Each structure stands twice: as structure tokens, then as C-alpha cells.
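Trainee: My questions are about this predicted structure, shown below with the sequence.
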Amino acid sequence: MIKTLKNASANLAQFAFGCILMASLAGCATRPDASNPMAVAAYEEANDPLEPFNRAMFKVDAGLDKVVVRPVVTVYRTILPSQGRKGVDNFLSNVRAPVTLANDLLQGEFTRAGTTIGRFVVNSTMGFFGFFDVGEKLGMEQHGEDFGQTLAVWGVPDGPYIYVPFIGPSTVRDGTGFLTDSMLIDPISWYERSDSAPGWLQWADLGITYINAKNSFMDPLDELKKSSLDYYSALRSSYRQIRAKEIRNGAPPPMEDFDQ
């Protein structure tokens, strides 16, 4: 029974992502007429041909957030003080170092790969398994990389925007990158799916990672919602801007972006 549950959880993200892609074929937005170039430009910039379906999923996610996610995060914040939550965030960032390292190397970012190795060694020892970010204090700035960013560096277009309940905004490229990191690159995921791993480990990992992420994003998303006339569109735009900055490793956008 435990093995069955483990296999099911390992394939859950892949199954959900595939179902969303299939279902979204029935909900494509209509491309504006070519006689309205401004509307066409806005349509292409949003790259959201599945908008009706995505908005429906967005509403579903809002309901889940209100009924399930937000109460859980509230309890998490009540039980664990801010310094404790910061330690959990540091620890999860540290255990993700092999994924970051692999993608550093795949992108040819060897200096950043060296920083990732240095941070992992220092934080895993002097930082008590990563709960304390000693590497940051030693001048080794934290960064994250994922296979979605690697695909972007390789020139793969982002593809249509997709909104996934419980996960949030994504694109076909980023969804593919998430699955690749989870199934192929992350060594912890390999162990969790092995027969020697305890049955509860994968669920515990998934739960604390998810709660930590929601705890980090909940307040900024609340602020974005308050300042937005259309929260869905504002979130979509913010997601694309943040991802573009991550792909550039924080560098300013190229000059041609300002000339358009």
C-alpha cells in the first residue's frame, strides 16, 4: 500500500499537468482580428490563448486558498516564529542545491556553480544542515536555478501561459522544467521514490515545501491583489516579469526591450 501511494505521488504532478493541457484545448481564447493591431499585440504579449480555462482554474485556486491553504499557513505562522520559518526556508534552499548546481552547469554558469557548491558545503556544516545561511554572511549570494530557466537559456520559447490550482502561474516551458527537476535531477526525489525510503517522507517533503512557498508568497500576493483592477492579469504580468529577471540572473533587460 505504501509503495502504491509513493508511486502515485511521484506521478501526481505529471498527471495533473497533462490533464490541464488536454482540458485547456477546449478553452482557447479567440485571437483578435488583424485590423486591431493594438489588441493583437496585447494578445501576443500575454501569450495566454487558454485564458478562459485559466481564469476558471484561477477561481478554483482562490476557493482552495481560502478554505484550505490560508488556514494551514496561518497555523504554521502561529506555531513557528519568524526566525524559525526563516530557518526552514534556508534549509529547503540548501537541500535544493543539487538541482541549482545541475542547472548552473547546464547553462554554462561555472562561476555560479562554484558559489552553489561553496554555499552548500558551508551551510551544511557551519550552518547546521542549512538552517543558518552562513554562506550569505561570507559573501556567497544565494541564487536559484531550475530546468525551466535552463530551457530558456537554450532558446526554448516559454509557450502558453497556464494557471494550475495549488501551484499557481506557469508556462508550458516552466511546467516541463518543473517535471524534469522533480523526476530526473533532484537526488532527494530519487531517494523518496526508492523502496528503501519511508512512506511518509515524500509526503512530508511535499507538505513543508508547499507550506513554506505559500508562506513566502502570501503577503506579496495580497498586496498585488489590493493594488490591481484585474488580479488575474496583474499576476500573469508579474509572473512573466519575475521569470524573465530570473532567466537573466538579475541583469537589466536588453535595450531592444525598451525600443519596442
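Mentor: Nice, thanks for sending it over. Numbering: from 1, shown residues only.

Trainee: okay, CA-based contacts and neighbour counts for the rest of this
Mentor: Noted.

Trainee: gap between the residue nearest to residue 142 when sequence neighbours are not counted and residue 130?
Mentor: Of all residues not flanking residue 142 in the chain, residue 136 sits nearest, at 6.6 Å (CA to CA, 6 or more residues apart in numbering). Here residue 136 is placed at a distance of 11 Å from residue 130 (CA to CA, to the nearest Å).

Trainee: now do residue 87
Mentor: 8 Å.

Trainee: Which one's more surrounded, these two?
Mentor: Between residue 87 and residue 130, residue 130 has the larger neighbour count (other CA atoms under 10 Å), namely 25 against 17.

Trainee: hang on, that one in a helix?
Mentor: No. Under the criterion used here (DSSP: H, G, I helix; E, B strand; the rest coil), residue 130 is coil, not part of a helix.

Trainee: dump the residue contacts of it.
Mentor: 87, 90-95, 120, 123-124 (CA atoms under 8 Å, 6 or more residues apart in numbering).

Trainee: of all those residues, which two lie farthest apart?
Mentor: 87 and 120 (14.7 Å; CA to CA).

Trainee: mind checking how far stretch 142-153 is from the chain centre?
Mentor: On the basis of CA atoms, centre = their mean, to the nearest Å, stretch 142-153 sits 11 Å off its chain's mean C-alpha point.

Trainee: Look at that stretch and report the distance between its end residues.
Mentor: 20 Å.

Trainee: Wait, residue 192 touches residue 202, no?
Mentor: Yes. Residue 192 is in contact with residue 202 according to CA atoms under 8 Å; the separation is 5.5 Å.

Trainee: burial of residue 139, as a residue count?
Mentor: Neighbour count of residue 139, defined by other CA under 10 Å: 10.

Trainee: Would you state the helices of this structure in chain order?
Mentor: 2-24, 37-46, 51-64, 70-79, 82-95, 97-106, 110-125, 134-137, 147-153, 172-180, 187-192, 201-226, 231-247, 256-259 (DSSP state H).
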